[in-house]
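Visitor: can you look at this prediction? I've put the sequence above it.
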Amino acid sequence: MPENNEELRSIEEINEKIKRGDAVVLTAEEMIKLVESSGIEVAAKEVDVVTTGTFGAMCSSGVFLNFGHSDPPIKMTRCWLNDVPVYKGLAAVDGYLGASSMSETRGFEYGGGHVIEDLISGKEVVLRAESYGTDCYPRRHIETVITLDDLNQAILVNPRNCYQKYDAATNSSDRILYTYMGTLLPNYGNITFSGAGQLNPLCKDPNYETIGLGTRIFLGGGIGYVIGEGTQHNPSSGFGTLMVKGDLKQMNSRYLRGASFYRYGTTLYVGIGIPIPIINMRVAKTAALKDEDIFVNIRDYAAPTRPDLRPVVKRVSYAELRSGKVYLGEKEVPSSPLSSYKMAKEIAETLKRWILEGIFFLTKPIEPLPKVGVFKPLEVRRRELKVGDIMSRNVVTAKLSDDLRDVATKLVSKGIDHLPVVDDEGRLIGIVTSWDLAKAIAHDKKRLDEIMTRKVITAFENESIDVVARRMAQHNISGVPVIDKLNRVIGILTTDDISRKVVGGRSIQ
Amino acid sequence: MRVKLIYSHGVVEKPILASVVLKTGVPINILEAKVNAQKGELIVSIPASGDKLREILNLFREAGVQVQEFAETLRIDWEKCISCGACISPCPTKALRFRDDWTLEFEEEKCIACKVCVTACPVKAITIP
C-alpha cells in the first residue's frame, strides 16, 4: 500500500483527465460504498475526485453590492433593500447586505437572506437610501426599484460558511425554546443537529491538504472560491470553517434560500460543494469517512451561557443523529437535522456532473489554510451589573401561619407588591403578591397557603441582570426573590428596580 | 381526522365530549376551545377512521352538536420545502418523517394539527388551511 503522503496524482494530471473526459469522479457517498466493497487501496487508485456537498443555514453570509450613481448623485449613509438595513460604512454607492439583517417592518419574517433570494429570482427590490448631502453628492434621499441585472456588482462574500461539523442541541428546561438550532421541546423532547456529516466538505479533508485559498467550489449553484479560513475557524477541535466568495449573478435560488428561525432571526441557506482531489492515500481515507466516524456533542440549550459552556449531554456520531432517535439515558429522543441532506446529495451530484462534463476544473490552493487555531471567547473586562448590585436587601417576608390581613398590612405599609413566604430558617417556600390578595378577596380565601404560589421563579445574586430580566418577562412576573445556595431569601429584585436603577447597563443609584 | 364541534346554547353545558370518549374508547384530543355560557367551539383531533369515525361524528350530531370536518390538517408547499428536517423531531405524533431518499414525507392521519411544525419550518413551507 502506498504511504499516506506519497503522491498518487497531481491536480494538473486530474485536470488533463477532465479535459479528455476520462476522470473518475464519485460523490462522497459513492466513495464510501466503493471503499466498503473494494477496499481503500483500490478506491485510492481508481478515483480521481470525490465530490462533497452541504446545504444549511449559514448566518455569516452576505453580498457586496454596487448600485451605480443616480443623477443627482447621493452618498448613501443609510440604505435599505425591501426595508432590510444594508451596511453603509463603505463608499457612496457600495453596500453589504448581511443574511441576518432583519426587515424594519416585517422583523423575523423577512431579512437579508430573503432579499438575496429575491434578487437571484429576478424580483424587483425596493432600494431606499438617505444622506446628509455634500457638495459632490447633493442628493439626500432616494427611493427606487432595482433588480439583480441593474447592479454593477453583486458579490456573495461569506465570512463563515461550511462548518466542518456542528454540535447538536437539546433542551432540559420545562419550556419550549426557539433557537438558531430550531424548535427545542421541553424535557429533552427532541434533538436537532446541523451539517451533512459524511458529505460535508471539510470532513472529507480535515487536514487541509487540498482545500485552501483559491480552491474553486460550487457556491449557490454557481462557481465560487475559497478565499481563506472562515471566522471562528477552529481546526484544532475539528470545527474548521471557510470564507468563500462568488458572483451572485451566476447563482440559482434553488441553492441560496432565505430562511427565518422562529423568534431567533433570519438567515440564508447556502449550498456549497467542494471537489476533493485524491492526491494521496491520507486524503483517500478521509474522503471515505462515514457518518459513523464523525462525532459531535449534544448540548443543552436551556443554560443561558455562551455556546462552549452549554452542558454536554452526550457525545454521538452523525450516524446516530441521522437515525432519527438518540438515547439519552433510558429515554428515546427523536432527532432531526436542520440542514438538508437531500440537497447536499444533489449538490455533490451536480458538482460531479460538472466535472464529468468538463465544465469544472480543479485548482491547486495558492496558500494552505491554518491547521491550528482555536475559537476564543469574549472576556468581559468591564464590571457588569449583577442582580446583587440592584436588588433590595431589606426583604420583607411572610410566614405560612401569617393572617391574610397581616400580609396585606405588610404590603401596604412597606409599599411593595411581592412578599416571599419563608420557613423558620428563612428558606423560600412560596411567594404572595398584591394581586394574589385581590384574588383572595374575590374568591373568599382565608389562608396564605391557599393563595401563595409555590413554584417560585428565583434568581441568584451573581446572575446577570439581562438574564433575570428575560426570565421575568418570559414568566410574565414583576419580581423574583434572590436566594442563596441553601434556598434562603437574601434579597428581592423587581422590574421596578430594573427600570429605576439601570440605564444602559449601568447603575444610576 | 380534525373537526370543529359547535355547541349551541342548549347543549353547551353538557359533558358530550367526555361521554363520546367513554362510549367509544377513542382518545379525542382538544386542540382549541372557545367556550362561554352562550356557545362553545372546539377543534378536536379524532384518531379514528372509517366506521369508527362515522360512529363518533354521529354521536356528536345526535347530542345536538354541529360537526364541521376539515378536509386537510396542514398544507405543505413542496416547491418551498427543502427537506431539511427541522419540522421532524418537534412533531409529537411522528406525522412528519424522511423517505429513504431524504425527502420529507407527511402522513395526514397521524397529524393532530398542533402547529409546532408551522413555526419550526425555516422556509415557511407549512401552513394550516
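Guide: Alright, I've got the coordinates.
Visitor: for chain B, where's the lowest mean pLDDT among helices and strands?
Guide: One helix or strand of chain B scores below all others by mean pLDDT, DSSP states H and E: strand B:29-35, with a mean of 84.
Visitor: does residue A:436 really touch residue A:449, like I thought?
Guide: No - applying C-beta atoms under 8 Å, one finds residue A:436 not in contact with residue A:449, separated by 11.5 Å. C-beta here means a position set from N, CA and C on the backbone, and glycine is covered the same way.
Visitor: more neighbours: which of the two?
Guide: Set side by side, residue A:436 and residue A:449 show more neighbours around residue A:436, with 22 against 13, by other C-beta atoms under 10 Å in any protein chain shown.
Visitor: residues contacting the residue of chain B positioned farthest from its centre?
Guide: Going by C-alpha atoms, centre = their mean, the residue of chain B most distant from its centre is residue B:101, 28.1 Å out. Counting by C-beta atoms under 8 Å, 6 or more residues apart in numbering or on different chains, residue B:101 makes contact with residue A:342.
Visitor: next, it: secondary structure please.
Guide: Look at residue B:101: counting by DSSP: H, G, I helix; E, B strand; the rest coil, its state is coil.
Visitor: tell me the confidence at it?
Guide: Looking at residue B:101, its pLDDT is 96.
Visitor: whatever helix or strand residue A:114 lives in near chain B anywhere?
Guide: When elements are assigned from DSSP states H and E, residue A:114 belongs to helix A:112-120. No - using C-beta under 8 Å from any C-beta of the partner chain, helix A:112-120 stays clear of chain B, with a minimum separation of 9.5 Å.
Visitor: report the buried residues of that helix.
Guide: A:112-120 (16 or more other C-beta atoms under 10 Å in any protein chain shown).
Visitor: tell me the mean pLDDT over it?
Guide: Across helix A:112-120, pLDDT averages out at 98.
Visitor: phi first, then psi, for the residue of the stretch 101-250 of chain A found nearest chain B.
Guide: Going by C-beta to the nearest C-beta, chain B is nearest to residue A:190 of the stretch 101-250 of chain A, at 3.7 Å. Backbone torsions of residue A:190, given as degrees, to the nearest 10, read phi -160, psi 170.
Visitor: if I pick it, what's in contact with it?
Guide: Counted by C-beta under 8 Å, 6+ apart, residue A:190 has contacts A:170-171, A:183-184, A:333-336, B:89-90.
Visitor: now intersect these with the helices, please.
Guide: Counting by DSSP state H, none of the members of the contacts of residue A:190 fall within helices.
Visitor: with neighbour count, pLDDT and distance to residue A:249 added, can I get the residues you listed in TSV?
Guide: TSV is the format used below for the contacts of residue A:190 (neighbours: other C-beta atoms under 10 Å in any protein chain shown; pLDDT from 0 to 100; distance: C-beta to C-beta, whole Å):
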residue	neighbour count	pLDDT	distance to residue A:249
A:170	28	98	41
A:171	26	98	41
A:183	26	98	35
A:184	26	98	38
A:333	20	98	44
A:334	19	98	41
A:335	24	98	38
A:336	25	98	35
B:89	29	98	37
B:90	23	97	37
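Visitor: residue A:129: which of those is nearest?
Guide: residue A:183 (36.8 Å; C-beta to C-beta).
Visitor: how close does the closest one sit to residue A:387?
Guide: 30 Å (C-beta to C-beta, to the nearest Å).
Visitor: residue B:129 now?
Guide: The spacing between residue B:129 and residue A:387, counted by C-beta to C-beta, is 47 Å.
Visitor: higher neighbour count, the two?
Guide: Between residue B:129 and residue A:387, counted using other C-beta under 10 Å, residue A:387 has the larger neighbour count: 22 against 9.
Visitor: and the pLDDT for the more buried one?
Guide: 94.
Visitor: quick check: it touching residue A:482?
Guide: Yes - between residue A:387 and residue A:482 a contact is recorded at 5.7 Å, counting by C-beta under 8 Å.
Visitor: intersection of neighbour lists for those two?
Guide: Counting by C-beta under 8 Å, 6+ apart, the residues touching both residue A:387 and residue A:482 are A:459-461, A:491, A:493.
Visitor: who wins on neighbours among those residues?
Guide: Counting by other C-beta under 10 Å, top hit in the shared contacts of residue A:387 and residue A:482: residue A:493 with 27 neighbours.
Visitor: can I take it that that one is in a strand?
Guide: Yes - under three-state DSSP, residue A:493 falls within a strand.
Visitor: and the nearest residue to it once chain neighbours are set aside, how far from residue A:467?
Guide: Residue nearest to residue A:493 in three dimensions, not counting chain neighbours: residue A:391, with 4.3 Å by C-beta to C-beta, 6 or more residues apart in numbering or on different chains. For residue A:391, the distance to residue A:467 equals 14 Å [C-beta to C-beta].
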